[in-house]
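In: need a structure here:
(4 chains, ligands or ions: 5)
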Amino acid sequence: MSTSLARFGRLLGRSPLLILLIVLVIVVQLMTGAQLTWPNLRGVLLDSAVTLTIAAPLAMLVIAGQIDLSVGSTLALGGVIAGQVANNGHGSTLVALLAAILAGALVGVVNGALSTYGRLSSFIVTLGTLTAVRGAAQLLSPTPSGNYGPGFGFLGVGLVAAVPVSVWISVLLVVVLAAFLAWTPTGRHVYAIGINPEAAYLSGIHVRRVPFGLFVACGAAAGLAGAFTAARLNSAPAGQLGLGFELTALTAVLLGGVALTGGKGSMGGVVVGVLFLGLLKNGLTLLHVTTFWQQVASGLALIVAVAISLLSQRVRPVRTVDPAPAIPEESGPADLSPAAHDTNPAHKSLAMSS
Amino acid sequence: MSTSLARFGRLLGRSPLLILLIVLVIVVQLMTGAQLTWPNLRGVLLDSAVTLTIAAPLAMLVIAGQIDLSVGSTLALGGVIAGQVANNGHGSTLVALLAAILAGALVGVVNGALSTYGRLSSFIVTLGTLTAVRGAAQLLSPTPSGNYGPGFGFLGVGLVAAVPVSVWISVLLVVVLAAFLAWTPTGRHVYAIGINPEAAYLSGIHVRRVPFGLFVACGAAAGLAGAFTAARLNSAPAGQLGLGFELTALTAVLLGGVALTGGKGSMGGVVVGVLFLGLLKNGLTLLHVTTFWQQVASGLALIVAVAISLLSQRVRPVRTVDPAPAIPEESGPADLSPAAHDTNPAHKSLAMSS
Amino acid sequence: MTVSVSKLTKRYGATLALDSVDLTFRSGEVHALLGHNGAGKSTLIGCLGGGTTPTAGSIEIDGVVTEGLTPGSAIKAGIAVIYQHLSVMDGLSVMDNIFLGQELHRGPLIDRSAQRLRASELLGRVKSSARPDDLVGDLSMGQRQLVEIAKALERDARLLILDEPTASLSARESEALGQLVLQLKTEGIAIVYVTHLLEEVMRLADQVSVLRNGRKVWSHTIEGIGKSDLVTAISGEQSGFGVPEPVSPDAPVVLGLSGIEVHDAPPVDLKVHAGEAVALYGLIGAGRTRLLETLFGARAGARGELRVDGQPIRIPRDPAEAIARGIGFVPSDRKTQGLFPDFSALENTVLAVQRHRGHGLWRSARWERELFTAVASGMRLNPSAPGLPARSFSGGNQQKLVIGRWVNPASSIRVLLLDDPTQGVDVGAREEIYRILRQEAHTRQIAILFATNEPEEVLALGHRCLIMAQGRILREIRCADSSPEQLLDIVHSAVPSAPAGVR
Amino acid sequence: SCSTITASAGAPSSSGPKTVKKILVDYPFTSLPIFGILKSQVETVAKEKNVAVEFTNDNNDLTQQVSNLTTYLNSDIDAVISFPMDASSLGGLAKQYMDAGKLWITYGGDMSQQSGSLQFSFRDSGEQLGKNAGEWAKQAIGGMGKAIILKDDATQMGQERTAGLVAGLHESAPGVQIVAQEQAVTPQDALTATNALLSQYPDVNIVLTAVGDAGQGAYQALIGSGRPADSSTTYVGGLDANKFALEQMKAGTFYRGIVTISPDDISNAMVDYPVSVGAGTAKPLFNVPVSLVTPDTKDALDALLRSFQ
Ligand SMILES: Nc1ncnc2c1ncn2[C@@H]1O[C@H](COP(=O)(O)OP(=O)(O)OP(=O)(O)O)[C@@H](O)[C@H]1O
Ligand SMILES: Nc1ncnc2c1ncn2[C@@H]1O[C@H](COP(=O)(O)OP(=O)(O)OP(=O)(O)O)[C@@H](O)[C@H]1O
Ligand SMILES: O[C@@H]1[C@H](O)[C@H](O)CO[C@H]1O
Ligand SMILES: [Mg+2]
Ligand SMILES: [Mg+2]
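Out: Ligands and ions are numbered 1, 2, ... in the order given. Okay, the predicted model is just below:
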């Protein structure tokens, strides 16, 4: 008991965002008495499930030093295809789900092939597919499919043990990915590639195949998220599904402590990031903050959130697995230079280090 | 004559995107006979002037290893304020212009202070102001101002020597910035900071003040661009001005050969990038490509464009100081590693290297 | 000028990098600063350069105590530092680098013609073959080093600090640098020279000071001092590098190259027997790195016959394939090619062998911990902290981590290739690294092929030494019958030297 | 243990009259100028009739619209007026609101389950404008000429409006040739697109836009191309009023046609209608008067101008 308490304490110590999240929830709850009601939370979780389903694999991609900006459009494509399959009589829910995942994976294959084997900047490549795939989705269904019937609908609103299926699935996904990152060699290679691709290459790591796989995973997950969304909406408007979602997902990932320069981050952080975004939006609504002020507030909240996480990082000693003297993260020259909290020259891209 | 021809040849050799651009224009012109008509070009130039006004300083910021995603919203703020000043009788055109620039600069100050002195990731900071500033603009004018007098309107449609003023101003801006980057000490420092901030710091360069200045410049330019847009539309809808413009500007910058990892790029390239985007969109319209196909096409075009630029980079051998066997980068160890075409370990962030 | 530090102290969390150090550096004097890895040399230099803020103590310049030194003010005060990790910028021209932060300008604009003139002047003075408009990225390490010095001179440095300047230089380049240092000394510049190479100390230094664990433990003028005294002062105990065990005459060939052609270079034949270590010793651009990288699959476009344990194998297409064939490689540039700075020491060591663990795709904390402990104790890693990020270790200990990646109980390599295995590693750590490599070769009967620029290293590690120049093996020497002097002679002798430029 | 989300407890909608004290207005296109106007007007009206109103912040994003409505599902509002970005996406929510004993009023659409609807057909509005342009063409340019349609393919609403525009124009002036249809929703897009197309068809007579704000861009493009503001052979018209457009029309320029709802009407309706639906005194359908405004309908024009000040 007390030990688990202690563990929780250490957890808080490591994730200031989590503290911020808890404070946020407490404040909103006290002021509105509404946030912690189950129906409200369930709504937040439904949204977060979709974000998480994409943010989790996206985080891995960013850790490996890559990025995928096309997730929003891929979500649309997945939704559109799932919807169409679900509408054709023969399409069982499972088939629809698989179709969506497959479609997403295909986008991932394109992004991955060009960005890894083709050595193009994944930022631009996926900026391209962001536009192209959206267009493709709209070509596929200029007018939205809809009214899918209970089977497919269950994906969106179905409950298992009072919790929506999509939530279960996304949680499962995160757990699997977290285990993968932390406890499989390939998982560690993801970090290694992000930290120092050349050294990784010279250590016999597949510096192209691994990121390629992550692109495919990211696409597939986006497709799955599309199916969730379509099922929940009971409709798949190609022009609107997941519009601008790349920024939401990326924000969650960065809030979660993943560095855009790669090599740094964890699934736990991403989960907190996703929940923070979801509960912040929800809180602002519950607090009846007016439309435009909501935008101002959420923008500022984002900045405050990273500021706090970073602040704490500056004072927090590096965790050492054993009782050896913990050396505080960086000081020395860098501590006056902007490269600050980051001695690795590879990680010099300030713009990108979160 | 022939020398200037030769120089042009060399130029083409260095900028494959320029070749692509020329091919594009020729094709569209042959198929439609319309692209090279002056009224059409003038329109394209008017649009490009706005993009360029923002892309040019943004490029400097990216070269210094930073980024500004808030330019679209800052543009809106600038437009709104310029419009309101222009509408209040007292507001002379000049005052309106200055007000817009000032407002933009203020946003730049916030972005810059947090990203340089505050040492936060400019990606997240400006992701935050992207939202917050848009909200602020809408709060300032929930309903758009409009129908400005001829004075202010001149900014938008006025011609000097048959060329719109905004075009003149943006060209002037680019020339000044190009000279600054290439010919002033501080200009060189921008590159140095982008290449290796820690080393720059140890060389006594102001690794915070310089980027801070660039943020302010970028904000001010966005404000100016806002004034242009409001003047040209003869109204300033806060919710719509420059919506999503950050991606357009960034795309132009990256197309122009600026690396998101910093330290690399030139104004010339950015100009080509801006024109390419403008003429591509224009071409697709003239060709009557349908909405959704336009999206597919422009997405793919973007990818093709970078692919080509990169390709040409690869076959150029590394410069060697003396006639020793010049080994094309192809054969360096890096070649097989993803760090490829990029000898500087600092530039490892694959996601970010364009 | 005279710069002295008193009671200088720098603390990094639990580590006392500098522990109230008193030192004085005088003009016209080369002051060698020695000490094992992590002794605090670079930290001291960081303080003098203004980049690192001391925790306590003071710095006096010509008798004036200077507070809060910054890189800018240090430069103005005439202190120029050439840091351990070069701070020249690949993307910029030689000229831009030399004048970075101190540009010559007419009005607001840079005066390029003036700079070009001044630059070629300076480059001449440091005997560099580089030209003002060359891209630094295209220069060899040695040339970059010279550009750094030219940069320092431009800031008319009166105290010039060089932190392990020859670590990545070929013998020929180091020699030239030494000459330059002596010349600058005669010009009345005070010089602080950090190195791990006692050869250089004996050749260049007037004054020698030794740091150990952040404390100044020993300071002496060079007169009447011998290498052995230095070794004692640095490591605290008498010690030598030792020599390898003889190879049994009937040892089978483990690594066999016949007619391996790398690019334009002539074909190379060589054999390395079980338990044998062969040195590739040569001049800059001799082709050693290229050869090693080729054998490891990191460089495309080579032809020829390759055998491991008698089995003919194709030249590996990539490192993964090489590793699968039992070949391991320790690259020359630890920072960019070897280390994962943000990874823990443990992860840096186990990374390449994680997969070899028998059961399942999952990692095992216990297995990895045991492996790490074995490596750490075997190499006397200091600190032996599995969770400490690699970036927080000193150069020598970082190198141990990189070597440990191949030399560990779980590794199944048959051939170990090393490029400059002890670059920037102190005598103590070196001795350990040599010992561990010799032991590895002997007990596991693997083949070691290594490139080096240091005679001592050739003899401490190698059974045979192959002299290379321009991709060609000129001659073979049995180490047992050789001496550092002989090897140095070879470098100085009229072997056609490759152009110093290209890299 | 499997089930599906059903509304949290609450009286079924059928259960008798219900006094509406608090209304949620869910107007998703928060970046449109019209939003700001509706917001301020509805707030004034509501104050007069002391009813509380709230507005969602959907940010032109369907996903946010859904999650906002989900959040409010458990709030103390009595009625919601929702303008579905995609009608079928909100079907489930409408049901949940009603099961929760709240009134669901669909704005600009119809749903299988709803307490009522503020109706106006997007297609009809489009057709009205198309027809008017056609009529104008017949007498101003002899029923012959060239037209550009600035459409909106991205939303269902836009597609219906576009279809209406085209149909109306064809029907009333078959001689007018539609030379191009281009996607353009914001003034900037419209300006860029029109400008390009003008270089191909300098003699274009008619530009019709599926979204009013686009009309503004088209107008500016024509002016920019040297078209005199009072050109008698030019017709620009758009759906949805917009301060700029109204002022041009008032000034007697070639901005000749607007089909729109009057913000005054809609603002009043947004408060009155839910109340009367609650009281059980209202028809299930309230047809929002969508009116054609031209220089000739002076009073309507002035009224609109006032409400857009
Ligand atoms: N930025 C830093 N953060 C934490 N500890 C540091 C930092 N820099 C140096 N140290 C520690 O301070 C001690 C001295 O390091 P320093 O680099 O000065 O040694 P050195 O004598 O230069 O070693 P080498 O010969 O390997 O370069 C080492 O224990 C090192 O781990
Ligand atoms: N990336 C490259 N581009 C051009 N020339 C190169 C490159 N790498 C090596 N070279 C040239 O190939 C030859 C072999 O270089 P290599 O580095 O293998 O020699 P080396 O013996 O390792 O010299 P060093 O002492 O620098 O390690 C030299 O002429 C070198 O200049
Ligand atoms: O006025 C509103 C809005 O402009 C919306 O864009 C379409 O419906 C109209 O009634
Ligand atoms: Mg050191
Ligand atoms: Mg070498």
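In: Tell me which residues of stretch D:74-89 come out buried.
Out: Across stretch D:74-89, burial judged by 16 or more other Cβ atoms under 10 Å in any protein chain shown covers D:74-75, D:77-89. No exception for glycine: its C-beta is placed from N, CA and C like everyone else's.
In: Tell me the residue of the stretch 101-250 of chain D that sits nearest ligand 2?
Out: Using Cβ to the nearest ligand atom, the closest approach of the stretch 101-250 of chain D to ligand 2 is made by D:Thr192 at 46.7 Å.
In: can you tell me the helix or strand for that residue?
Out: Counting by DSSP states H and E, the element that carries D:Thr192 is helix D:187-200.
In: hang on, the earlier thing: which pLDDT value does the model give the residue of the stretch 101-250 of chain D closest to ligand 2?
Out: D:Thr192 is assigned a pLDDT of 91 by the prediction.
In: Give me the neighbour count for it.
Out: Using other Cβ atoms under 10 Å in any protein chain shown, the number of residues around D:Thr192 comes to 23.
In: Give me the distance between it and ligand 3.
Out: 21 Å (Cβ to the nearest ligand atom, to the nearest Å).
In: Quick one: residues contacting that residue.
Out: Going by Cβ atoms under 8 Å, 6 or more residues apart in numbering or on different chains, D:Thr192 touches B:Gly43, B:Asp47, B:Lys281, B:Asn282, B:Thr285, D:Ala184, D:Gly217.
In: Would you mind checking which of those is nearest to A:Leu243?
Out: In terms of Cβ to Cβ, no member of the contacts of D:Thr192 lies closer to A:Leu243 than D:Ala184, at 17.5 Å.
In: Quick one: the helices in the stretch 151-300 of chain A, in order.
Out: With DSSP state H, counting those that start in this stretch as the criterion, the stretch 151-300 of chain A has helices at A:165-183, A:185-195, A:197-202, A:209-233, A:245-255, A:267-286, A:291-315.
In: To chain C, which of the ones you listed lies closest?
Out: helix A:185-195 (4.0 Å; Cβ to the nearest Cβ).
In: Packing partners of that closest one?
Out: Judged by 3 or more Cβ pairs under 8 Å, 6 or more residues apart in numbering or on different chains; DSSP states H and E, helix A:185-195 is in contact with helix A:38-63, helix A:165-183, helix A:197-202, helix A:209-233.
In: quick one: contacts of that helix?
Out: For helix A:185-195, contacts defined as Cβ under 8 Å, 6+ apart pick out A:60, A:62-65, A:179-181, A:199-200, A:203, A:205-207, A:210-211, A:214, A:261-264, A:344, A:346, B:338, C:340-343, C:347, C:351, C:354-355, C:361, C:363.
In: Nearest residue to the middle of chain A?
Out: For chain A, A:Ala55 is the residue whose C-alpha lies nearest the centre (Cα atoms, centre = their mean; 1.1 Å).
In: so it touches A:Glu246, yeah?
Out: No: look at A:Ala55 against A:Glu246 with Cβ atoms under 8 Å: they stay out of range, at 10.7 Å.
In: Tell me which stretches of the stretch 351-500 of chain C form helices.
Out: Under DSSP H, counting those that start in this stretch, the stretch 351-500 of chain C gives helices at C:365-379, C:395-404, C:427-444, C:455-461, C:484-492.
In: lowest-confidence helix or strand of chain A?
Out: Within chain A, no helix or strand scores below helix A:2-14, which has a mean of 75 by mean pLDDT, DSSP states H and E.
In: thinking again about what came up before, out of the helices of the stretch 151-300 of chain A, which is closest to C:Thr221?
Out: helix A:197-202 (42.5 Å).
In: How many residues are close by the residue of the stretch 51-200 of chain A found nearest ligand 1?
Out: Nearest to ligand 1, among the residues of the stretch 51-200 of chain A, is A:Ile195, at 17.1 Å (Cβ to the nearest ligand atom). Neighbour count for A:Ile195, taken as other Cβ under 10 Å: 27.
In: residues touching the closest residue to it other than its chain neighbours, list them.
Out: Excluding its sequence neighbours, the residue lying closest to A:Ile195 (Cβ to Cβ, 6 or more residues apart in numbering or on different chains) is A:Gly263, at 3.6 Å. Residues near A:Gly263 by Cβ under 8 Å, 6+ apart: A:Ile63, A:Gly65, A:Tyr191, A:Ala192, A:Gly194, A:Ile195, A:Asn196, A:Asn344, A:His347, C:Phe340, C:Asp342.
In: swap the cut-off to 7 Å and go again
Out: A:Ile63, A:Tyr191, A:Gly194, A:Ile195, C:Asp342 (Cβ atoms under 7 Å, 6 or more residues apart in numbering or on different chains).
In: Highest neighbour count among those?
Out: Counting neighbours by other Cβ under 10 Å, A:Gly194 leads the contacts of A:Gly263 with 32 neighbours.
In: The nearest residue to that one once chain neighbours are set aside: neighbouring residues, count only.
Out: What sits nearest to A:Gly194 in space, not counting adjacent residues and going by Cβ to Cβ, 6+ apart, is A:Gly262, at 3.0 Å. For A:Gly262, the count of nearby residues is 33 (other Cβ under 10 Å).
In: rewinding a little: save the helices of the stretch 351-500 of chain C as JSON lines, and put in distance to B:Leu159, mean pLDDT and mean neighbour count too.
Out: Putting the helices of the stretch 351-500 of chain C into JSON lines (distance: least, Cβ to Cβ, whole Å; pLDDT from 0 to 100; neighbours: other Cβ atoms under 10 Å in any protein chain shown) gives the following:
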{"stretch": "helix C:365-379", "distance to B:Leu159": "72", "mean pLDDT": "90", "mean neighbour count": "17"}
{"stretch": "helix C:395-404", "distance to B:Leu159": "65", "mean pLDDT": "91", "mean neighbour count": "26"}
{"stretch": "helix C:427-444", "distance to B:Leu159": "73", "mean pLDDT": "88", "mean neighbour count": "21"}
{"stretch": "helix C:455-461", "distance to B:Leu159": "74", "mean pLDDT": "89", "mean neighbour count": "24"}
{"stretch": "helix C:484-492", "distance to B:Leu159": "72", "mean pLDDT": "74", "mean neighbour count": "15"}
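In: out of those helices, nearest to ligand 1?
Out: Closest approach to ligand 1 among the helices of the stretch 351-500 of chain C (Cβ to the nearest ligand atom): helix C:395-404, 3.0 Å.
In: How about residues contacting that closest one?
Out: Residues outside helix C:395-404 that contact it (Cβ under 7 Å, 6+ apart): C:36-38, C:330, C:334, C:338-339, C:345, C:348-349, C:375, C:379, C:381-382, C:390, C:393, C:421-422, C:424-426, C:429, C:433.
In: Next one: that helix, is it in contact with ligand 4?
Out: No: Helix C:395-404 does not reach ligand 4 (Cβ under 5 Å from the ion); its nearest approach is 5.8 Å.
In: Convert stretch A:194-202 to PDB, retaining C-alpha atoms only.
Out: Extracted C-alpha coordinates of stretch A:194-202, given in PDB (Å, rounded to 0.1, in the frame of the first residue of the first chain):
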ATOM      1  CA  GLY A 194      16.700   8.500 -32.900                       C
ATOM      2  CA  ILE A 195      19.700   9.300 -30.800                       C
ATOM      3  CA  ASN A 196      22.400   8.600 -33.300                       C
ATOM      4  CA  PRO A 197      21.500   6.900 -36.600                       C
ATOM      5  CA  GLU A 198      25.000   6.500 -37.800                       C
ATOM      6  CA  ALA A 199      26.100   4.800 -34.600                       C
ATOM      7  CA  ALA A 200      23.000   2.700 -34.800                       C
ATOM      8  CA  TYR A 201      23.800   1.700 -38.300                       C
ATOM      9  CA  LEU A 202      27.300   0.800 -37.300                       C
END
